[in-house]
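[1] sequence-free structure coming up:
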């Protein structure tokens, strides 16, 4: 078990509903970073650059994630996803429909982070921070790359937050409610399930106090 305490962590969400239960406990530090990769990154950088703000020992992105279909639903449904490896692969890039400079950073890892959670409720894998929501089934080419790099989860804000934490040399990870399968019905499935799963996730975190 990690020596990192819940009280030492800054929990960063995209919007208020993902941290509302945590905020009710004065010993937990939360920050609403904003929706989308760029907004989340800019707002977290502003927070960390302000010397008057509390400085965390680690930062965890908290929210929801879709799951790529190479992972069977029975292996993730009802569980929580944790990551400390983050990629930034646009699906169109994997399909060779767009070109990006090779000098760009597409992957960040935080091997020194030790999660203060354990048990069968948690599934650890890498997260693809797309900056958008994938609404199509992945092509065989894209799915092969996603599976080959062990990317199980998709989340809009994760890579932006990871980039800022890497810049500030702060250990970073994510903890997600796994709400839906990535694909055409993903958004609808998320709308129907995020509140329930967010409540479960926040209650799980509070149980570690």
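    Structure received. In this text the structure is predicted, and so the values were computed from the model without any measurement. Numbering: from 1, shown residues only.
[2] Which elements pack onto the helix ranked longest in the chain?
    If you go by DSSP state H, the chain has its longest helix at helix 186-206. Secondary-structure packing of helix 186-206 (3 or more CB pairs under 8 Å, 6 or more residues apart in numbering; DSSP states H and E): helix 20-23, strand 58-67, strand 172-181. (Glycine included, C-beta is placed from N, CA and C.)
[3] ok, and what's touching the helix or strand following the shortest one?
    Following the chain from helix 20-23 toward its C-terminal end, the next helix or strand by DSSP states H and E is strand 29-32. Outside of strand 29-32, the residues within contact range by CB atoms under 8 Å, 6 or more residues apart in numbering are 7, 9-16, 19, 22-23, 43-44, 47, 54, 56.
[4] Pull the distance from strand 29-32 to the chain's centre.
    Strand 29-32 sits 15 Å away from the centroid of its parent chain (CA atoms, centre = their mean, to the nearest Å).
[5] now stretch 81-92
    On the basis of CA atoms, centre = their mean, stretch 81-92 is displaced by 8 Å from the centre of the chain it belongs to.
[6] Return the residues in contact with residue 130.
    Per CB under 8 Å, 6+ apart, neighbours of residue 130: 88, 89, 90, 91, 154, 155, 156.
[7] which secondary element of this structure has the worst mean pLDDT?
    helix 91-94 (a mean of 66; mean pLDDT, DSSP states H and E).
[8] Need the residues that contact the next helix or strand after that helix.
    Downstream of helix 91-94, the first helix or strand assigned by DSSP H and E is strand 107-109. With CB under 8 Å, 6+ apart as the test, strand 107-109 has contacts from 84, 85, 86, 87, 88, 149, 159, 162, 163, 166.
[9] residues near residue 160, how many?
    26 (other CB atoms under 10 Å).
[10] swap in the one 4 residues further on?
    A total of 24 residues lie near residue 164 under the criterion other CB under 10 Å.
[11] Let's verify the residue of the chain most remote from its centre: helix, strand, or coil?
    Computed with CA atoms, centre = their mean, the residue of the chain farthest from its C-alpha average is residue 52, at 26.4 Å. Following DSSP: H, G, I helix; E, B strand; the rest coil, residue 52 is assigned to coil.
[12] separation between it and residue 182?
    40 Å (CB to CB, to the nearest Å).
[13] Would you agree residue 56 falls within a strand?
    No. Under three-state DSSP, residue 56 sits outside any strand and is assigned coil.
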